[in-house]
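# here is the input, now give the coordinates:
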Amino acid sequence: MGAVKSPAEGKVLLRDVSWGTYERLIEERGERKAPRFHYARGVMEIMSPSKRHEEIGYVVGDLVGLLAMELDLDLLGAGSTTFKREDLDRGFEPDECFYFGENIELVRGKENINLDAGDPPPNLVVEVDITNPSLDKLPIYARLGVAEVWRFPGGKAEIFALRGEEYVAADASLAFPSLSRETLARFVERGLTMKRPAWAREVREWVSPGR
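Below is the predicted model of the structure:
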């Protein structure tokens, strides 16, 4: 079983990993938040997030919550829940993820989400990459049916929308159509440097100007 290490972000890429080994590692980790696992047909990335990595994820999670609240949208956050389907030989654990619309009622109140049993994947997945990813995760999300991905490689912001079986780069969010890629990047950058109350007021003012 070969391994490739990426020490800056605490990543290890393993090849020729069986599904049984992948599931055993998840079970042995238990309820701890790290490491996180992504798996695709025998290739597995093990990632231990850095402080900066987690800071970005936290800001994005707060941003989604503020936008949903201001727009009166129902929202269910599922954090870094494990999503996997044995029949598709793929699984992932996002930095943050969210359910919107009718999918919320399909998973609300459930202790665990089971894609193999027909539970839906999240509508929105957030992926933070401080360094270059060792495993391209977009094909995993696409195969499992995630409608939208926000990716933050090297401090930038990218939005991807699922079209058929592949993602296309989008100028604005599906979940929040008024949120452009540039605005998303700006709010995340400012959320990392501003005091949180002032940042939250800025976000609310953008959503509801003059309120």
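# in the lengthiest helix in the chain, what counts as buried?
Secondary structure assigned by DSSP state H gives helix 51-70 as the longest helix of the chain. For helix 51-70, burial by neighbour count (16 or more other C-beta atoms under 10 Å) applies to 53, 56-57, 59-64, 66-68, 70. (Glycine included, C-beta is placed from N, CA and C.)
# which residue is the nearest non-sequential neighbour of Glu70?
Excluding the flanking residues, the one nearest Glu70 by C-beta to C-beta, 6 or more residues apart in numbering is Val207, at 4.0 Å.
# against Leu192, how distant is that neighbour?
To Leu192, Val207 is 20 Å away according to C-beta to C-beta, to the nearest Å.
# tell me the spacing between Ser48 and Gly10.
Separation of Ser48 from Gly10 (C-beta to C-beta): 4 Å.
# any common contacting residues for the two?
Pro35 (C-beta atoms under 8 Å, 6 or more residues apart in numbering).
# more neighbours, the two?
Taking neighbours as other C-beta atoms under 10 Å, Ser48 and Gly10 compare with Gly10 leading, 17 against 13.
# for the chain, give me the ranges with low pLDDT.
1-9, 131-134, 210-211 (pLDDT under 70).
# so where do the strands sit in it?
Per DSSP state E, the chain carries strands over the ranges 3-6, 11-14, 36-40, 43-47, 76-77, 83-85, 90-92, 96-99, 124-129, 148-153, 158-163, 166-169.
# right, and these - which one's nearest Glu202?
Closest to Glu202 of these is strand 148-153 (C-beta to C-beta; 19.0 Å).
# so what's the residue sitting nearest the centre point of the chain bridging to?
Closest to where the C-alpha atoms of the chain average out (C-alpha atoms, centre = their mean) is Val126, at 2.6 Å. Judged by DSSP bridges, the bridge partners of Val126 are Glu96, Trp150.
# over to Arg36?
Beta-bridge pairing for Arg36 (DSSP bridges): Met47.
# Gly79 reaches Tyr99, doesn't it?
No - applying C-beta atoms under 8 Å, one finds Gly79 not in contact with Tyr99, separated by 11.5 Å.
# give me the more crowded residue out of the two.
Per other C-beta under 10 Å, whichever of Gly79 and Tyr99 has more neighbours is Tyr99, with 22 against 15.
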